[in-house]
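[1] For reference, the sequence and a predicted model appear below.
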Amino acid sequence: MVTDQAREHGPDSLLTEAFERVVHALPHQPEFRDVEVVSSSAHRHRQQSALQVTVDREGGVDITTCERIAARINAALDAFADPYTLEVVSAGLDRPLTKPSDYERFAGRDAKIVTTLAIEKAKTHRGRLEGVRGTNVILTRPDGELPIPIAVIKSANLEYDVRADLQRAKQREKNR
């Protein structure tokens, strides 16, 4: 589950392994079954480990949920004397897209995809997600569909359009 971690041998790796186990188990616990672990990471920073978990759920994640998750992780790591910092954050409005199923789940939403190789002379692409076809993510732009091979995606996230949201709110008020 830990996607970007220093694999050192010794006590620090035991802390990292315990962190991985508790994060992996979170969605299987009744109180967190509606929570999705979007990503997690463990890094060695100076004399301590920096642990981070990004979570999401339908309707968003509130601060209370982040606090409950942090408390669960801290309780599981209490046995370790190693110093660490823990950050539990919501995926937010610009949620990262980390797996192929995310591109299907968020089809119809605006997204930004950064690739490792240039596609049509660019590495950054914006448009509306249309899902996955074969091994490509399909992004619709004003000039048509752009297939992007999953293998060359460096990062991807939803894009939140504040103006469109304000426009919808204005329209709702007007219709009342």
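    Perfect, thanks for sending it.
[2] Please make it C-alpha for all contacts and neighbour counts, starting now.
    Fine.
[3] so Pro96 bridges to which residues?
    Beta-bridge partners of Pro96, counted by DSSP bridges, are Asn157.
[4] Could you give the number of residues near it?
    20 (other CA atoms under 10 Å).
[5] how near is it to Arg46?
    According to CA to CA, to the nearest Å, Pro96 stands 27 Å off from Arg46.
[6] repeat for Pro149
    Pro149 is 37 Å from Arg46, by CA to CA.
[7] ok, the two, which is more surrounded?
    Set Pro149 next to Arg46 and count neighbours by other CA under 10 Å: Pro149 wins out with 16 against 7.
[8] Does Gly59 belong to a helix, a strand or coil?
    coil (DSSP: H, G, I helix; E, B strand; the rest coil).
[9] distance of it from Thr116?
    32 Å.
[10] out of the two, which sits in the busier spot?
    Legend: neighbour count by other CA under 10 Å for Gly59 and Thr116, higher for Thr116 (13 against 6).
[11] Isn't that one up against Val152?
    Yes: counting by CA atoms under 8 Å, Val152 is a contact partner of Thr116 at 5.3 Å.
[12] nearest spatial neighbour of Ser155, skipping sequence neighbours?
    Spatial nearest neighbour of Ser155, excluding adjacent residues (CA to CA, 6 or more residues apart in numbering): Val114 at 5.2 Å.
[13] tally of neighbours for the one you found?
    By other CA under 10 Å, neighbour count at Val114 equals 19.
[14] can you check Asp110 too?
    Counted with other CA under 10 Å, residues neighbouring Asp110 total 20.
[15] For Thr115, give its distance to Lys123.
    5 Å.
[16] okay, the two: which has more neighbours?
    For Thr115 and Lys123, the more surrounded residue by other CA under 10 Å is Thr115, and the numbers stand at 19 against 15.
[17] care to break the protein down by domain?
    With domains defined by automatic domain parsing, the chain comprises 11-90, 100-161.
[18] and these as TSV, adding distance to Arg176?
    Formatted as TSV, the domains of the chain follow (distance: least, CA to CA, whole Å):
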stretch	distance to Arg176
domain 11-90	24
domain 100-161	23
